[in-house]
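J.: Sequence first, then the predicted structure:
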Amino acid sequence: MYRLIYIILYALVVIISGCYTVSNITTTDDPIILLERKYAVRLDASLKSSHAQEILTILDSTISIDYKIPTSIWKMSRDDIKDDIKLMHLNDVVFVTLNKKMFSTDTKEQNKIQKRLYFAIVDFLTNKGTDRLAIEQILKARYGIVVDIHSYISLTQNSTKETSEDYSDFDNKDLMIFISILEEFPTVWRRIPELRYIIQRIDDEVRAPGLAWTSEGYIELSASLFKRNFDNDVRRLLAHEKAHFLWEFYFTEQTKEDWINLSGWYEDLPSETGWKNTSKRSEFVSDYAYEKNPNEDMAETFGYYLVFPDVLRSVSLEKYEFIEKQIIEKYTTRLNPELLN
C-alpha cells in the first residue's frame, strides 16, 4: 500500500518537474520555494514554512550550494521514528519522513531538538553514512576539515616527514563519528581556520593515539583507536586534540593563567614535563591530565566536558563550571558579535 502511494507521488514529481520550474531570476524569501530551488527539496502539507526555514538554515550551513543532492519529498511522521528519519529511494527520488518530535515548541529543549534535526539531515545527505563524497563535503563545508590528503609528504614536511605509506584512509563510520563530536563545539569554534586536516596514522607504536600539530594545521589519530569499538573514546580524543588548537590560538593569557591557578599548576623546569601541581589526583579527569601540564589538563577536561560531562562534574564541579562559564559562555559571546547586542 505504502509503496503504491510512493509510486504515485513519484509520478507526480516527474510531471511537476517537467512542466514547472522556479525562475532563477525572481527573488524570494519564502523558505519553501528556496528549499526546492536550491536543493530540490519538496515539502508536503504536513511541513509548514517554519519547518522549511529550519531545514533550509541547516542545509545552507552544511553543504556548498554547488553540491548536488537528489530530488526529495519530505513529510512529518504521525508516530515516533527510530533515529528520527526514514528514507525510501524510488528511482531518482528520495522520500523522507521526519520524526514529528523534532519540531517541538518546548523552548527548554530547543537546542537538543535542533541537533536532532541536524543529525537527521546529515543522515539524509549521507544516505545513513554510506555516501563518502557527501560525508567529506559536510566535513569541509561545515567544519573546515579535509580528510582526503593529496600529499602526506607536503603536509608533514615540517613535522614527521612521512609519506602515504605511513597513513591510511578513515572508514565512513569513523568520519560520521567526527561529525558527531565536531558539532558539539560551540558554533564559533565548529570551524576554525587553524585546523584544516585530520589524518590516520597506521603505525601505533610511533606516537600517542592522538596528536595535535597546531603549527601545521592538522590532527593525527592512530588506526588502532578505531578498532576498539568505543565510539565515545574516539569522540573524546578528537575533542581533546581540537582543544589544543583553542588553547594555542583562542584562549587569552588571562584564561590560561586562571586555569593554571584553578588546577594548582606551577612551573618546575627540572621535571620531565616542566610542570607540577599541588592538587590531588582525584581532582583530575585522568592520570594523563594530572601528570602532564596545564595545556593537556585543559584538553582532557574539555574532552570530558563535551562527551562525559557527568564524569567531569563528579570529579571537579569547579572545573566543569570554569569551562561552562569562563570558556563556553565567555568566548561564545566575545567571538560572536550578534550575541553582544
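T.: Right, received. Where do you want to start? Small disclaimer: the values here were computed from a predicted structure and weren't measured.

J.: got any ranges where the stretch 51-200 of the chain has weak pLDDT?
T.: Low-confidence segments of the stretch 51-200 of the chain, defined by pLDDT under 70: 106-108.

J.: which residues of it fall in helices?
T.: Read by DSSP state H, counting those that start in this stretch, the stretch 51-200 of the chain holds these helices, from start to end of the chain: 110-126, 132-143, 152-155, 172-182, 187-190.

J.: Let's have those in CSV, adding mean neighbour count and distance to Ile260.
T.: The C-beta positions use only the backbone N, C-alpha and C, and glycine is treated the same way. What follows is the helices of the stretch 51-200 of the chain, written out as CSV (neighbours: other Cβ atoms under 10 Å; distance: least, Cβ to Cβ, whole Å):
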stretch, mean neighbour count, distance to Ile260
helix 110-126, 18, 31
helix 132-143, 19, 30
helix 152-155, 16, 32
helix 172-182, 20, 26
helix 187-190, 16, 21
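
J.: Kindly provide the distance from the closest residue to Ile327 other than its chain neighbours to Leu262.
T.: Distances taken as Cβ to Cβ, 6 or more residues apart in numbering put Thr255 closest to Ile327, at 7.0 Å, once the chain neighbours are dropped. In this structure, Thr255 and Leu262 are separated by 11 Å, where distance is defined by Cβ to Cβ, to the nearest Å.

J.: what do you get for Glu291?
T.: Using Cβ to Cβ, one obtains 17 Å as the distance from Glu291 to Leu262.

J.: cool, Asp79 as well?
T.: Asp79 sits at a distance of 48 Å from Leu262 (criterion: Cβ to Cβ).

J.: of those two, who's got more company?
T.: A count of neighbours by other Cβ atoms under 10 Å puts Leu262 above the other of Asp79 and Leu262, at 18 against 8.

J.: Quick check, pLDDT for that one.
T.: Reading off the per-residue confidence, Leu262 sits at a pLDDT of 96.

J.: That one contacts Tyr320, doesn't it?
T.: No. Between Leu262 and Tyr320 there is no contact under Cβ atoms under 8 Å: 11.3 Å.

J.: How many residues are close by the residue nearest to Arg191 when sequence neighbours are not counted?
T.: Nearest-residue entry for Arg191: Gly144, 4.1 Å, with adjacent residues in sequence omitted and distances by Cβ to Cβ, 6+ apart. A total of 17 residues lie near Gly144 under the criterion other Cβ under 10 Å.

J.: How about the contacts made by Gly144?
T.: By Cβ atoms under 8 Å, 6 or more residues apart in numbering, the contact set of Gly144 is Arg191, Ile192, Pro193, Leu195, Arg196.

J.: Can you tell me which of those residues are buried?
T.: With burial judged by 16 or more other Cβ atoms under 10 Å, the buried subset of the contacts of Gly144 is Arg191, Ile192, Leu195.

J.: okay, the residues you listed in JSON lines with distance to Asn99 next?
T.: Formatted as JSON lines, the entries for the buried ones among the contacts of Gly144 read as follows, by distance: Cβ to Cβ, whole Å:
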{"residue": "Arg191", "distance to Asn99": "27"}
{"residue": "Ile192", "distance to Asn99": "32"}
{"residue": "Leu195", "distance to Asn99": "32"}
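
J.: These in strands, which ones?
T.: For these, not one is inside strands, with DSSP state E as the criterion.
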